[in-house]
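[1] Here you go, sequence then predicted model.
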Amino acid sequence: MPITRRQLLLGGASALVLAACSGDDDGGDAAPGSSSTAPSSPTTRPAATPLTADPFGLGVASGDPDETGVVLWTRLLGADGDHDVVWEVLHVGPGPSGPAEERGDERERRVAATGVVTATAATGHAVHAVVDGLDADSWYEYRFLTGTFTSPRGRTRTTPRGEDGDRLRFAFGSCQDWQRGFYSAHEHLAAEAVDVVVFLGDYIYEGGPTGAEGAPRRVDAAEVITLEDYRGRYALYRSDPNLQAAHAAAPWFVVWDDHEVDNNYAGMIPEPGAPDVDFAARRAAAYRAWWEHMPTRLPAPDGPDLPIHRALRWGGLATVLGLDGRQHRDEQPCDRGGGDLGAGCEERDDPARSMLGAEQEAWLAEELSSSTAAWNVIANQTIFSPAGIPVGPTEVFNRDQWDGYPAARDRALDAMAAARGDVVIVTGDIHASAVADVRRGDEVVAVELVGPAISSSFPAQYADLFEAAADAAGAAMVDARHNGYVVCEVAGDEMTAAYRYVDTVQEPTSAIRTASTWRIAAGRVGVEPLA
């Protein structure tokens, strides 16, 4: 019987990887279900039933790119036991056989790198293939193969080398509650031709079925608590074809917020009224499921801790600093039983209180002071700018935001003022849009761009109040009524930000429009409208 191309791929890739690994003492520090030069197979494994249905129903993704590589992600559905998965990275562009128009196809694809990863039950059959040895500042395609099945193709890229890089186009978004709306925004995001997507958290929502009338779609499980619960919720969200398309279009740089675990949790403290369970065990399950479903280089968590703050460097042009405003924060101040909104209190002003924790605060300050990039983009979860709401003689704060941690905000402002390049904060969480200069006294030290939610909604009864308060606080723009994302273009002397809104999330598809565009000139002069 002749050897098929697929058999050649599966066998040949294993041989290539084994040859590449010869001389290595071990697999290094790679996490289970991940591979940089995929380790050789163990001599014994749990017996695996051959796959009879397409296991790639959750699509493919890539993330955390650097100068020479990227991490590739997929997760096998319907698998048991251990399954070897071949990954391929393919060159994109004209090749030695001539221009595409002469070949009769769109472009030639040649294998740039390949390897094997073992998808195990212990990691929910998630795959993290850490690819290295690619060309800097280059686009590639990739795919996975296992058994008789081939995944959809994805597109990814590497970052510019060293101090290179004269342009970066990125999008940022957050808050994609399945039950609040369809992912029409992701359909358009997939076509934006961005270099990278920065996702600011609330990738899933942990709650059970909504009782709201007219909800466009529902979850079919109660509030998620266990690892299997969280895995099921991620699988539901990742089954959406528009979200899959957005992941397949470009690499992502992902941080989390609260709903990946429990609404408004703080460190090891759940929200008042949360299910009465061991919260450390719940957080461990949530962090594990997040890691399993994100295209990240981070090691697999062992227990309820997973430091995720890290940097994405785009040559000498820009550095994106991903924050974690949940895992390390002190509890929200004042009376939590009254909800997020409330007046200040003595506890709120305690200088020892932290949003990021001491280690992450020190990391942020060091990154900003030592950065040689022209632009420093801080990927942040909750609104940074002061946004107190006057209610008669009392000023009311959202104490889950940085307004609940004013001393920590002052320390962050000092770090931003010491940065060598311009600072832009991109923010999610609030399901609304805003643009504002960030000041330390009279000095502009940054600009904050608050992005709309992908599908989650701002409470309609508070929209007027929020918009009026933000306007009174000096915001250049505020909008609490639309969904979408923001596309940013970064060049040496300026950044522009286009706010892209879909017409509706109540239908599977929607038109999209650019509602406003903003310009940030280099030199810390603040933000101005372009259109």
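    Yep, that arrived.

[2] contacts and neighbour counts: CA atoms only from here.
    Noted.

[3] Rounded mean pLDDT for stretch 271-281, please.
    The average pLDDT within stretch 271-281 is 96.

[4] where do the strands sit along the stretch 401-531 of the chain?
    422-427, 433-440, 443-450, 477-479, 483-490, 494-502, 512-521, 527-529 (DSSP state E, counting those that start in this stretch).

[5] Next, count neighbours for Val277.
    10 (other C-alpha atoms under 10 Å).

[6] that older thread, tell me which of the strands of the stretch 401-531 of the chain sits most buried.
    Counting by mean count of other C-alpha atoms under 10 Å, strand 422-427 has the highest mean neighbour count of those, with a mean of 26.

[7] That strand pairs with which strands?
    Its sheet considered, strand 422-427 pairs with strand 375-380 (parallel), strand 443-450 (parallel) by DSSP bridges.

[8] just to revisit the earlier point, got the strands of the stretch 401-531 of the chain as JSON lines, with mean pLDDT and distance to Ala318 columns?
    Output for those, formatted as JSON lines (pLDDT from 0 to 100; distance: least, C-alpha to C-alpha, whole Å):
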{"stretch": "strand 422-427", "mean pLDDT": "98", "distance to Ala318": "9"}
{"stretch": "strand 433-440", "mean pLDDT": "97", "distance to Ala318": "19"}
{"stretch": "strand 443-450", "mean pLDDT": "98", "distance to Ala318": "14"}
{"stretch": "strand 477-479", "mean pLDDT": "97", "distance to Ala318": "25"}
{"stretch": "strand 483-490", "mean pLDDT": "98", "distance to Ala318": "8"}
{"stretch": "strand 494-502", "mean pLDDT": "98", "distance to Ala318": "11"}
{"stretch": "strand 512-521", "mean pLDDT": "98", "distance to Ala318": "14"}
{"stretch": "strand 527-529", "mean pLDDT": "97", "distance to Ala318": "18"}
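
[9] Go through stretch 231-241 and flag the buried ones.
    Neighbour counts over stretch 231-241 (16 or more other C-alpha atoms under 10 Å) mark Arg231, Arg233, Tyr234, Ala235, Tyr237, Arg238, Asp240, Pro241 as buried.

[10] In strands, which of those fall?
    Per DSSP state E, strands hold no members of these.

[11] Which one of those is nearest to Ala61?
    Of all these, Ala61 sits closest to Arg238, with 10.5 Å by C-alpha to C-alpha.

[12] how close does the nearest residue to the closest one once chain neighbours are set aside sit to Leu72?
    Excluding the flanking residues, the one nearest Arg238 by C-alpha to C-alpha, 6 or more residues apart in numbering is Leu58, at 5.4 Å. Leu58 sits 13 Å away from Leu72, going by C-alpha to C-alpha, to the nearest Å.

[13] so what's the closest residue to Arg500 other than its chain neighbours up against?
    In this structure, Arg500 finds its nearest non-sequential neighbour in Thr514, 4.5 Å apart by C-alpha to C-alpha, 6+ apart. Applying C-alpha atoms under 8 Å, 6 or more residues apart in numbering, we find Thr514 in contact with Ala498, Tyr499, Arg500, Tyr501.

[14] Tell me how far the second one lies from Trp256.
    I take that to be Tyr499. From Tyr499 across to Trp256, the span is 22 Å (C-alpha to C-alpha).

[15] Likewise for the third one?
    According to C-alpha to C-alpha, Arg500 and Trp256 sit 22 Å apart.

[16] Going along the chain, name the helices of the protein.
    5-21, 100-103, 184-189, 227-238, 241-249, 279-293, 358-370, 406-417, 463-472 (DSSP state H).

[17] now those as CSV including distance to Val116?
    Below are these laid out as CSV (distance: least, C-alpha to C-alpha, whole Å):
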stretch, distance to Val116
helix 5-21, 6
helix 100-103, 30
helix 184-189, 30
helix 227-238, 23
helix 241-249, 20
helix 279-293, 18
helix 358-370, 35
helix 406-417, 43
helix 463-472, 51
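
[18] Buried deepest among the ones you listed, which one?
    helix 184-189 (a mean of 25).

[19] for that one, packing partners?
    Under the contact criterion of 3 or more C-alpha pairs under 8 Å, 6 or more residues apart in numbering; DSSP states H and E, helix 184-189 touches helix 241-249, strand 483-490, strand 494-502.

[20] If we use 6 Å, what do you get?
    With contacts defined as 3 or more C-alpha pairs under 6 Å, 6 or more residues apart in numbering; DSSP states H and E, helix 184-189 has these neighbours: helix 241-249.

[21] where are the low-confidence patches of the protein?
    1-47, 93-108, 212-213 (pLDDT under 70).

[22] Can you spell out the domain ranges of it, please?
    5-157, 168-529 (automatic domain parsing).

[23] ends of the last one, how far apart?
    Read it as domain 168-529. So domain 168-529: terminal residues 20 Å apart, C-alpha to C-alpha.

[24] next one: stretch 267-280
    This stretch, stretch 267-280, spans 10 Å end to end (C-alpha to C-alpha).

[25] Which residues outside that stretch are in contact with it?
    Contact partners of stretch 267-280, identified using C-alpha atoms under 6 Å, 6 or more residues apart in numbering, comprise Asn264, Tyr265, Pro304, Arg326, Gln327, His328, Arg329.

[26] let's see it at 7 Å
    By C-alpha atoms under 7 Å, 6 or more residues apart in numbering, the residues outside stretch 267-280 that reach it are Asp262, Asn263, Asn264, Tyr265, Pro304, Arg326, Gln327, His328, Arg329, Asp330, Gly337.

[27] which of those are buried?
    Buried among those (16+ other C-alpha under 10 Å): Asp262, Asn263, Asn264, Tyr265, Pro304, Arg326, Gln327, His328, Arg329, Asp330.

[28] Can you tell me which of those is nearest Ile520?
    Comparing those against Ile520 with C-alpha to C-alpha picks out Arg326 as the nearest, at 28.8 Å.

[29] who's in contact with Thr517?
    Listed by C-alpha under 7 Å, 6+ apart, the contact set of Thr517 reads Thr496, Ala497, Ala498, Tyr499, Pro529, Leu530, Ala531.

[30] One more pass at 10 Å, please.
    Applying C-alpha atoms under 10 Å, 6 or more residues apart in numbering to Thr517 gives the contacts Val486, Val487, Cys488, Thr496, Ala497, Ala498, Tyr499, Arg500, Glu528, Pro529, Leu530, Ala531.

[31] One more: Leu58?
    Shown in contact with Leu58 (C-alpha under 10 Å, 6+ apart): 74-77, 151-152, 234-241, 243-244, 293.

[32] same check, this time on Pro301
    Counted by C-alpha under 10 Å, 6+ apart, Pro301 has contacts Ala31, Ala284, Ala285, Tyr287, Arg288, Ala289, Trp290, Trp291, Glu292, Pro307.

[33] go on, Ala497?
    So Ala497 contacts 169-171, 435, 449, 486-490, 516-520, 527, 529-530 (C-alpha under 10 Å, 6+ apart).

[34] Dig out what the nearest residue to it once chain neighbours are set aside forms beta bridges with.
    The spatial neighbour of Ala497 that comes closest, neighbours along the chain excluded (C-alpha to C-alpha, 6+ apart), is Cys488 at 4.4 Å. Under DSSP bridges, the beta-bridge partners of Cys488 are Phe170, Ala497.

[35] wouldn't Cys488 be in contact with Ala318 here?
    No: Cys488 is not in contact with Ala318 according to C-alpha atoms under 10 Å; the separation is 12.0 Å.

[36] Are there residues contacting both of the two? Which ones?
    Leu168.

[37] how deep is Leu200 tucked in, by neighbour count?
    Using other C-alpha under 10 Å: Leu200 sits among 27 other residues.

[38] How about the contacts made by it?
    Going by C-alpha under 10 Å, 6+ apart, Leu200 touches 172-175, 253-257, 322-324, 379-382, 426-429, 451.

[39] my guess is Pro529 contacts Met495, does it?
    No: using C-alpha under 10 Å as the test, Pro529 is too far from Met495 to be in contact (11.8 Å).
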